[in-house]
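Here is a sequence with its predicted model. Questions after.
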Amino acid sequence: MVTGFSIALIVFSLLMVLLVLLHKGKGGGLSDLFGGGMSSSLGGSSVVEKNLDRMTIIVGLCWFVTIVVLGLLLKNTY
């Protein structure tokens, strides 16, 4: 069970790095490579950026829960 959560933590960590790098910064970002910078609306961020924000929040929550569960499993193991 610890091995499964360790693998999940590695996967979620890599996804978090990828999603954070895709976000648009002050000078643009990697999301511009995939068409994120193509559509700009007057009122704020585009649909691509909003979906990227949602995905980042969901993966971040899964990452946090995985760390907590893994910590509890390792605490009870030793």
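The structure has been received and is ready for your questions.

Tell me how far the top helix by length along the chain lies from the chain's centre.
Across the chain, the helix with the greatest residue count (assigned by DSSP state H) is helix 47-77. What separates the centre of helix 47-77 from the centre of its chain is 8 Å, taken as CA atoms, centre = their mean, to the nearest Å.

Stretch 12-27 too?
For stretch 12-27 - counting by CA atoms, centre = their mean - the centre lies 7 Å from the chain centre.

in that stretch, what counts as buried?
12, 15, 19, 22, 24 (16 or more other CB atoms under 10 Å). Every residue, glycine included, has its C-beta placed from N, CA and C.

List just the nearest of those residues to residue 77.
Comparing those against residue 77 with CB to CB picks out residue 12 as the nearest, at 20.8 Å.

So which elements touch the helix or strand containing residue 4?
Secondary structure assigned from DSSP states H and E places residue 4 in helix 2-22. If contacts are counted by 3 or more CB pairs under 8 Å, 6 or more residues apart in numbering; DSSP states H and E, helix 2-22 sits against helix 47-77.

Quick one: mean pLDDT for the helix it packs on?
When pLDDT is averaged over helix 47-77, the result is 93.

Okay, angle between that helix and helix 2-22 too, please.
Between the axis of helix 47-77 and that of helix 2-22 there is an angle of 150 degrees, by axes from the mean of the first three to the mean of the last three CA atoms, to 10 degrees.

which helices and strands sit right next to helix 47-77?
Using 3+ CB pairs under 8 Å, 6+ apart: helix 47-77 touches helix 2-22.
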